[in-house]
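**Q** Next one to model:
(chains A and B)
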Amino acid sequence: MLRRIAVAVALLLAATAATGARAAAQPLRVCADPDYMPFSNRARQGFENKLALVMGHAMGETVRFVWHSTRGPGGFDQFLHDTLNAGLCDVVMNVPFASDNVLATRPYYVSSYVFVYPKKGNYEITSMDSPALKQLRIGFEQDTPPENGLKLRALILHATPFDIGDTPGESPAEILTAVHTGKIGVAVTWQPSIGYFLRSFSGLAVVPVPNSRALGTVEQYVFPMAMAARKADTRTRDALDAAIAKSKPQLQSVLRSFGVLIYDGSGATGT
Amino acid sequence: MRRLAFFVLFAMALAVAVAGYRTVAAQQQRVALADMAQDSGQWVMPSQNYSSLRHSELDEIKTSNVANLKVAWTMSTGATRGHEGQPLVIGDTLYYQSAWPNHVYAIDLNDYHIKWQYTPKQDSFAVSVACCDLVNRGVGYGDGKIIVDTLDDQVIALDTNTGKPVWTARNGDPAMGQTLTSAPLIVKEKNVIVGVSGGEFGVRGYLTAYDLKSGKRVWRAYSAGPDRDTLIGSGFSGPKNAGTATWNGEQWKVGGGTTWGWYSYDPKLNLIYYGTGNPGTWNPSQRPGDNKWSMTIFARDADTGMAKWGYQMTPHDAWDYDGVNEMILVDLKMNGQTIPSLVHFDRNGFAYELDRRDGKLLLAKKYDPSVNWATHIDMATGRPVVDSKYMTKAGTNVSGICPAAMGNKDQQPASYDEETGYFIVPTNHNCMDYKAFAVKYKSGFPFVGAIVKMYAGPGGYRGAVIAWDPIKGEIVWSDHERFPAWGGTLTTKGGVSFYGTMDGWFKAVDTKTGKELWKFHTPSGIIGNPISYTHNGKQYVAILSGVGGWAALGLAAGLTEPTAGLGAVNAAQDLSQYTQLGGDLVVFQL
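**A** Residues are numbered from 1 along each chain as shown, chains lettered A, B, ... in the order given. Here you go, the predicted model:
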């Protein structure tokens, strides 16, 4: 019995290898969070859900979502371990380019961490070294580049951590609410996590945080983002890359409709 | 031969009638803690006594009869996370504190009923910022109070009779990353010495003394910053203002150097001894300099907190070798002299022996031959001679660094046996690969961080309990263990040493040879520290079983991704084949 299965598997592998394509009529299995807007939810309202549909269309495959929290114990790495790398799905829609525990596609958008503060504050904030930051209570997502930037400048002594990316049920909008209510003076957070919610908050200024070498070491706040296949699955990765090349305008249009700030090379665009 | 410091100091105190202790203690009269600690029938301080010897003078259980050891009584702790501490026994009552949510119990040793139970109200945000499982290392005792350190950084004094809070002190704020896992030390029935955790969040570490009567802060000594913050003055033997001068700009403000280990005290010199943790920013390339006073053994005046001396073991740490492990105070006979000494088995793999009067380095040798980050310690300067091959730095991946970040020994305390002159030391035997600057994703948020992967060191075993000869600076015997030996050891006058293993065994070995004499498989893996006491004249040995801690973080937090848990998961991913979570107190008798 075992031997027969092994032979069958070998034959199947040979067949797919020969065509160099993903088996036809096979759905594109996408692992996604059932409850984490604006990224994804079970009602498929998040931008990762919409992006997946664009990709499925471009690849001629139906899309099947495999729901799994990205914010359980062990966080995103554990999510990858339990889903993509365990073979439950073939694609994860949104990871930083060059992530090392997956096989990432080429980037399909570039975005940035941003400062968010009340416009009426008229603060002059253009980088982590802006003096205005010394006077404000700063909200930040813990374990992200702004935390290190705040630490390096000792600004963390008057900063408030948020842990939205590891806490199921919490919305990235919470940091905007904190700015809106004055609980914090300025937020530093990843723009794609809040762009969707900004339309509900009038009167907030949004300023990208530039990468910095001001303190002698590289501080990265701008990240190219990609999709992910399993580490050894070059076939899926190649298929994704081809589809991304074909549908980049549609993908970016989805992102813009979710208020995602997209760097186009000359500077930031978007809302 | 090697006389125990306190033994000399309190020889006169010993004349106090032994019979008097138990009844007096039970009534909570003012018997000096140092005197109470002389009574091997009780266990009144987390580390047993001011010298942190963890050696019992009881000898009913001995090498010839330990094979007959059996379970006397057990009790569930009501908590499932890592139990790193130990009970106290005062009079007829046994007290202990569980892992999160930090239940505290007073148990009547006559019938094992729960005299009182106390569970502190805590800020649950502390759970999300605690680095290495939700552990606790035990309660303190003094002046009729049980002193409780909580994960969310409160210090609470409970009435020993009622379990009702007498005072509460706020030692730090979890929202700032400050947590508390260590056990307090009560000095001279006067000051409660409390540390702080949270080095991963850049918390600038401090040691604080609270008034045992009122809970009011007496002094606080920071581990970095200007001398007025670090309590360094004219009586200090080291350089001035090194707490700022050895940092770039204002980085000392997030300088790390947390103080989550154990604390010792020498009543004659009136000095407290403890170690500080790693510097704040993890990436060493971003913090040029020695980063003082991280990774430092400090001696401080117990009344004022003023530093007498400081010895930095790992300047400019690049490996996370926190210097917080216990300081054991013994008198060592070296070169024809008897020297009041401090012996410390550091996470960095070196055993340090210093003259505790002035911090002069007497000996520094590797206590695991696999240590490779430094070739040796330069005895003239006291600095490690670092092998650049194993230095972590920006943009460089480094493989095969030994020990791993967990160190050759973490917080699990060693013990001292006067008879043999050996230290019985529970050790880790892991190495690591360090990948600098990997792009990572916290769900919804990209970032750049280092990835650490830990795995078994040379020989394939991950821990060992060793006997260390402090005069020769050599390992006498070594019992290999499948997992890091993450629990403490206890030596006894009966010639038997006790320790537990992460796969659940509680073992008795011959202190002279390391030969296994007896073992018992407890409900969960052991990362706690054995104690011994008497009740109605009979000797008991007690241990908290309940696996967790950094070494078992994968199991404790449900992680299986190899690089999760600060790199620890890979090193113990097979632990679930041997044990599961769950806290129990297990007590043995003949």
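
**Q** which parts of the stretch 451-590 of chain B sit against chain A?
**A** Taking C-beta under 8 Å from any C-beta of the partner chain as the criterion, the neighbours of chain A within the stretch 451-590 of chain B are B:451, B:557-561, B:563-564. Just so you know, the C-beta spots here come from the backbone N, C-alpha and C atoms, and that holds for glycine as well.

**Q** Identify those among the residues you listed that sit within strands.
**A** Among those, the members falling in strands (DSSP state E) are B:Ile451.

**Q** Return the subset of the residues of the stretch 451-590 of chain B next to chain A lying in helices.
**A** Within those, membership in helices is found for B:Ala557, as judged by DSSP state H.

**Q** ok, the residues of the stretch 451-590 of chain B next to chain A vs A:Ser40, which is closest?
**A** Within those, distances to A:Ser40 taken as C-beta to C-beta reach their minimum at B:Glu561, with 20.4 Å.

**Q** isn't that closest one right up against A:Leu80?
**A** Yes - the pair B:Glu561 and A:Leu80 passes the contact test of C-beta atoms under 8 Å, sitting 7.3 Å apart.

**Q** Need the residues touching each of these two.
**A** Taking C-beta atoms under 8 Å, 6 or more residues apart in numbering or on different chains as the criterion, B:Glu561 and A:Leu80 both touch A:Asn101.

**Q** Looking at the two, which one has more neighbours?
**A** Neighbour tally, B:Glu561 and A:Leu80, criterion other C-beta atoms under 10 Å in any protein chain shown: the higher count belongs to A:Leu80, 25 against 21.

**Q** got the contact list for the more buried one?
**A** Contact criterion C-beta under 8 Å, 6+ apart gives A:92, A:101-102, A:228, B:561 as the residues in contact with A:Leu80.

**Q** Could you do B:Gly238 as well?
**A** Remark: with contacts taken as C-beta under 8 Å, 6+ apart, B:Gly238 is in contact with B:232, B:307, B:309-310.

**Q** Okay, helices next: where are they in the stretch 251-400 of chain B?
**A** For the stretch 251-400 of chain B, applying DSSP state H, counting those that start in this stretch gives no helices.

**Q** likewise chain A?
**A** Along chain A, the stretches classed as helices by DSSP H are A:2-19, A:47-59, A:75-82, A:145-152, A:173-180, A:191-198, A:234-257.

**Q** What is the second one packed up against?
**A** Using 3 or more C-beta pairs under 8 Å, 6 or more residues apart in numbering or on different chains; DSSP states H and E as the contact definition, the elements that helix A:47-59 packs against are strand A:28-32, strand A:40-41, strand A:63-67, strand A:91-96, helix A:234-257.

**Q** Format these as CSV; extra columns: mean pLDDT and mean neighbour count.
**A** As requested, the helices and strands packed on helix A:47-59 are arranged in CSV below (pLDDT from 0 to 100; neighbours: other C-beta atoms under 10 Å in any protein chain shown):
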stretch, mean pLDDT, mean neighbour count
strand A:28-32, 97, 24
strand A:40-41, 98, 22
strand A:63-67, 97, 17
strand A:91-96, 97, 25
helix A:234-257, 96, 18
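
**Q** returning to what we had before: if any of the residues of the stretch 451-590 of chain B next to chain A are buried, give me the PyMOL selection for them.
**A** A single PyMOL command is used to select the members of these judged buried by 16 or more other C-beta atoms under 10 Å in any protein chain shown:
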select buried, chain B and resi 451+557+559+560+561+563+564
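
**Q** least confident pick among the contacts of A:Leu80?
**A** Of all these, B:Glu561 carries the smallest pLDDT score, 79.

**Q** Quick check: which ranges of chain A have low pLDDT?
**A** Applying pLDDT under 70 to chain A picks out residues A:1-25, A:216-217, A:265-271.

**Q** So what's the residue count around residue 170?
**A** In the absence of a named chain, this looks at chain A. Other residues within reach of A:Glu170, judged by other C-beta under 10 Å, total 15.

**Q** Not quite, go with chain B.
**A** 12.

**Q** what's the answer for B:Ser128, then?
**A** Residues near B:Ser128, counting by other C-beta under 10 Å, number 12.

**Q** so what's it up against?
**A** With contact set as C-beta under 8 Å, 6+ apart, B:Ser128 has these partners: A:163, A:166-167.

**Q** Let's see that with 7 Å instead.
**A** For B:Ser128, the residues meeting the contact criterion (C-beta atoms under 7 Å, 6 or more residues apart in numbering or on different chains) are A:163, A:166.

**Q** Is A:Ser69 in contact with A:Asp33, as I believe?
**A** Yes - with contacts counted by C-beta atoms under 7 Å, A:Ser69 reaches A:Asp33, the gap being 5.9 Å.

**Q** out of these two, which sits in the busier spot?
**A** More neighbours surround A:Asp33 than the other of A:Ser69 and A:Asp33, with 25 against 18 (other C-beta under 10 Å).

**Q** Fine by me, we can end here.
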